[in-house]
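[1] dropping the sequence and predicted coords here.
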Amino acid sequence: MIFLVDAQLPPRLCDFRRARDHVAHHVIDLSLAAAADAAIARATEPLKAVLVTKDEDFRYLRLPDRFVLLWLRVGNASNRGLEAWLTPPWPMIDQALAAGERLVEGR
């Protein structure tokens, strides 16, 4: 599975995914750090990536079902705090993505 991590999330989140045998890119890697949400949405499609974001706007930019969205419903957190928050629900997130869910909320 390929993940594209949005700008408001740390690049270290890619390492968190890579440690679990996934391919992960941060928007910085694709020179999209300052890009508008619409440009990031367009870049996600050809990658066939799961866009990982905290930005609610992508819920609407993905329509009609343009790409898979993992919407993280978390406030500001340190890298360690984000990893600690994500670790318990990650098996459920993986299961939902593997089952073909196109919009997954991490809470």
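    Arrived safely, thanks for sending.

[2] so what's residue 3 up against?
    Neighbouring residues of residue 3 by C-beta atoms under 8 Å, 6 or more residues apart in numbering: 14, 17, 22-25, 49-52, 70. (Glycine included, C-beta is placed from N, CA and C.)

[3] now the residues you listed: which count as buried?
    Buried members of these, counted by 16 or more other C-beta atoms under 10 Å: 14, 17, 24-25, 49-52, 70.

[4] return the subset of these lying in strands.
    Using DSSP state E to define strands, the subset of the buried ones among the contacts of residue 3 located there is 24-25, 50-52, 70.

[5] do a quick rundown of the helices in the protein.
    Counting by DSSP state H, the chain has these helices, from start to end: 12-18, 37-47, 58-61, 79-86, 90-98.

[6] list the contacts of the first one.
    Yep, that's helix 12-18 we're talking about. With C-beta under 8 Å, 6+ apart as the criterion, helix 12-18 contacts 3, 5, 23-26, 29, 52, 79, 82-83, 86.

[7] and for the fourth one?
    Under the contact criterion C-beta under 8 Å, 6+ apart, helix 79-86 has outside partners 9-10, 12-13, 16, 72, 74, 77, 106.

[8] same deal with the longest one?
    The set of residues external to helix 37-47 that reach it, using C-beta under 8 Å, 6+ apart, is 2, 4, 6-7, 25, 27, 30, 32, 35, 51, 55, 57-58, 61-62, 66-67.

[9] what do you get if the cut-off is 10 Å, keeping everything else the same?
    2-4, 6-7, 23, 25, 27, 30-33, 35-36, 49-51, 53, 55, 57-58, 60-63, 66-69 (C-beta atoms under 10 Å, 6 or more residues apart in numbering).
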